[in-house]
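>>> just coords:
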DNA sequence: CAAAATCGTTATGATCTATATCTATAAAGC
DNA sequence: GCTTTATAGATATAGATCATAACGATTTTG
């Protein structure tokens, strides 16, 4: 009945319970998000893209000629923080940034041919990695996941 | 058939499609997480707690006498970054931090009476806010959400 | 034409995150 | 035992993220 210590100078491997935190749905979402973000980071590294730059490319591709203000809003990023992102993408020749004649305050963002190609390659890799993360999960459950997440998002944003 | 511009100097309200990003489950999780994190932030503000400090208190309450290294691992935080958190909580008298006689390298973290009381109050508020975010969602779907998130987490961590 | 608002931008600070390194302690290997 | 190796907590530091104020240029409002 002696206390059987782990011995060794090895790391403290005693089990730590996170049951209380796990009761909160938000905590589970955060943990899953950490995993996904980490995986996404490694997936995008070969393309020299980050989550923001990839998301920006995707939104620009889906909404040609949108402005930085629109993109910032869609990305949930403050406009000043988007400037460097745009600068980086434009500097790499992945997007074009043209002053709009009808409103010379705004920039019209568009994918270049090179940007569209890189986006397509990155998207393929991202989808493949996400498929691995979702491996073994019933598609119906994923549909439920989407629905529930959407509802949480609406509950939190509309109710302000 | 004229182009009906928003006119005004008002913000660009043209609809921006994020359909492509929405196809990725990870993007939906991130958006829901943003909402939850924002709500949690306002919920914890009255208690002068952040997500880390709240999580730390919860884990310490659930695992009395755990070490900082254990806590850091459970929180997915680097040990150096936990030091200030512990310092803050100890400075406010919410936790005690005692050198362990059997291993004088490690600290045993425990909630003080005051810390336990604050944690209980904060937890009540957090649960109430989370219930609002989950309002109108079928409990069975929430169970599915938990299961799917857990699977994603395991798929991402075990497969390394 | 004057006033107000928006766009992109710059500057700046606060916060978060990761890494290298130090000490003191403890265990492992010979 | 004594040396080597490893861990715990802490310090310092750099990088990345994120939020806010303010400016010039431009456009719309009144």
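Good, I have the coordinates. Quick caveat: nothing in here was measured; it's all calculated off a predicted structure.

>>> ok, which stretches of chain A are helices?
A:19-22, A:25-44, A:51-62, A:68-75, A:79-91, A:113-133, A:139-158 (DSSP state H).

>>> out of the ones you listed, nearest to DNA strand D?
Among the helices of chain A, the nearest to DNA strand D by CB to the nearest atom of the strand is helix A:79-91 (3.3 Å). In short, each C-beta sits where N, CA and C put it, glycine included.

>>> In space, not sequence, find me the middle residue of chain A.
In chain A, the residue lying closest to the centroid (CA atoms, centre = their mean) is residue A:51, at 4.8 Å.

>>> Tell me the predicted confidence for it.
With respect to pLDDT, residue A:51 has a value of 97.

>>> Return the residues in contact with it.
A:37, A:40-41, A:44 (CB atoms under 8 Å, 6 or more residues apart in numbering or on different chains).

>>> Now the buried members of the residues you listed.
Listed as buried from the contacts of residue A:51 are A:40, A:44; burial here means 16 or more other CB atoms under 10 Å in any protein chain shown.

>>> now, which of the contacts of residue A:51 sits nearest chain B?
For those, the minimum distance to chain B (CB to the nearest CB) is 6.3 Å, reached by residue A:40.

>>> Go back to the contacts of residue A:51 and keep what's next to chain B.
Applying CB under 8 Å from any CB of the partner chain, the subset of the contacts of residue A:51 adjacent to chain B comprises A:37, A:40.

>>> quick one: contacts for the residue in chain A positioned nearest to DNA strand C?
Going by CB to the nearest atom of the strand, DNA strand C is nearest to residue A:80 of chain A, at 2.9 Å. For residue A:80, the contact set (CB under 8 Å, 6+ apart) is empty.

>>> For chain A, give me the ranges with low pLDDT.
A:1-14, A:159-160 (pLDDT under 70).

>>> Counting by contacts, list what the biggest strand by length in it packs against.
Longest strand of chain A, by residue count under DSSP state E: strand A:103-111. Packing partners of strand A:103-111 (3 or more CB pairs under 8 Å, 6 or more residues apart in numbering or on different chains; DSSP states H and E): helix A:51-62, helix A:68-75, strand A:95-100.

>>> Just tell me which of the ones you listed ends up closest to residue A:130.
Residue A:130 sits nearest to helix A:51-62 of all the helices and strands packed on strand A:103-111, at 12.4 Å, using CB to CB.

>>> now the closest one: how far from the chain's centre is it?
10 Å (CA atoms, centre = their mean, to the nearest Å).

>>> OK, contacts around the closest residue in space to residue A:82 that isn't next to it in sequence?
The shortest distance from residue A:82 to any non-neighbouring residue, by CB to CB, 6 or more residues apart in numbering or on different chains, is to residue A:72 (4.5 Å). Contact analysis of residue A:72 by CB under 8 Å, 6+ apart lists A:78-79, A:81-82.

>>> Make JSON lines from those and add neighbour count to it.
Shown next, in JSON lines, are these (neighbours: other CB atoms under 10 Å in any protein chain shown):
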{"residue": "A:78", "neighbour count": "10"}
{"residue": "A:79", "neighbour count": "12"}
{"residue": "A:81", "neighbour count": "11"}
{"residue": "A:82", "neighbour count": "18"}
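
>>> in the longest strand of chain A, what's buried?
By neighbour count on 16+ other CB under 10 Å, the buried set for strand A:103-111 is A:106-111.

>>> Check those residues one by one and keep those near DNA strand D.
By CB under 7 Å from any atom of the strand, no member of those lies near DNA strand D.

>>> so which of these comes closest to chain B?
Distances from chain B to those, taken by CB to the nearest CB, are shortest for residue A:106, at 7.5 Å.

>>> Residue A:35 against residue B:157, yeah?
Yes - using CB atoms under 8 Å, residue A:35 makes contact with residue B:157 at a distance of 6.2 Å.

>>> ok, these two, which is more surrounded?
residue A:35 (21 against 13; other CB atoms under 10 Å in any protein chain shown).

>>> I'd like the distance between the closest residue to the more buried one other than its chain neighbours and residue A:34.
Counting by CB to CB, 6+ apart, residue A:35 lies nearest to residue B:156, which is 3.5 Å off, once chain neighbours are set aside. Plainly put, residue B:156 is 9 Å away from residue A:34 if you go by CB to CB, to the nearest Å.
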